[in-house]
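Student: Kindly generate the corresponding structure for this input.
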Amino acid sequence: MTTQWRIEGTYFEACNCKGACPCLFGEDPTEGSCDALVAWHIDRGSMDGTSLDGLNLAMALHAPGNMTAGDWKVVVYVDASANQQQHDALVQIFGGSAGGHPATLAGFVGEILAVESLPMRYDIESQHQRLEVGEIAEASLNAIAGQNGEEVTISGHPVAIAPGNTGTVAQSEQVSHRGYGLDWSFGGRTAFYSPFQYQAA
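Tutor: Now for the predicted structure:
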């Protein structure tokens, strides 16, 4: 029997690239390798009748070179407010075993260093977003002001975590992660956010 699921909400990524992130176009990271904190806030979602509304999932990742070459090392953080059914559903979806676009993304992962359940806070306020993952990771970012103060957006980029959506280009205030050999702290670098919709293939 095919598992039925669908989730939608807001996605963001904050990485160590400088300027406009070349990874979105399949080019090499500006620093040679990519360290990033990525996160999804689910506004609405369910898997086989289990509601996933309001939950979050985050990943810390290291890509040793071009993102499309794979071999990513990742740590997965599941919202501690999820019950066991919800936790298992999120791990299945974002781990790729439930199919859909997350399965494509999972194909780039070379090693999952850990899966942890931690308290999360994901705040979205107009053009500012902030994430806290226990005491291990945090990120805050602001949309870049474009012409006439409007958002700078991008669409149709070939390397897309949320395909089919227009993304907003942002800049990080602070991004940090500690643990599992993925230790970094930086700010003033590339960030990006957009709506997302994933579902069973």
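Student: for stretch 8-20, which positions count as buried?
Tutor: 8-17 (16 or more other C-beta atoms under 10 Å). (Each C-beta comes from the backbone N, C-alpha and C, glycine too.)
Student: Likewise for stretch 191-201?
Tutor: Here stretch 191-201 shows 191-194, 196-198 as buried, counting by 16+ other C-beta under 10 Å.
Student: average pLDDT for that stretch?
Tutor: Average pLDDT, stretch 191-201: 93.
Student: Same check on stretch 157-164?
Tutor: For stretch 157-164, mean pLDDT is 87.
Student: the longest helix in this protein is where?
Tutor: Ranked by number of residues, the top helix in the chain under DSSP state H is helix 84-95.
Student: Residues contacting it, please?
Tutor: 3, 5, 7, 40, 47-48, 50-52, 55, 57, 59, 76, 78-79, 82, 98, 100, 102, 106, 112, 115, 117, 198 (C-beta atoms under 8 Å, 6 or more residues apart in numbering).
Student: hey, C-alpha coordinates of that helix in PDB?
Tutor: C-alpha atoms of helix 84-95 as PDB (Å, rounded to 0.1, in the frame of the first residue of the first chain):
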ATOM      1  CA  GLN A  84       6.400   9.400  18.100                       C
ATOM      2  CA  GLN A  85       4.100   9.000  15.000                       C
ATOM      3  CA  GLN A  86       4.900  12.500  13.900                       C
ATOM      4  CA  HIS A  87       8.600  12.000  14.500                       C
ATOM      5  CA  ASP A  88       8.600   8.800  12.400                       C
ATOM      6  CA  ALA A  89       6.600  10.400   9.600                       C
ATOM      7  CA  LEU A  90       9.100  13.300   9.400                       C
ATOM      8  CA  VAL A  91      12.100  11.000   9.400                       C
ATOM      9  CA  GLN A  92      10.500   8.900   6.600                       C
ATOM     10  CA  ILE A  93       9.600  12.000   4.500                       C
ATOM     11  CA  PHE A  94      12.900  13.900   4.800                       C
ATOM     12  CA  GLY A  95      15.000  10.700   4.900                       C
END
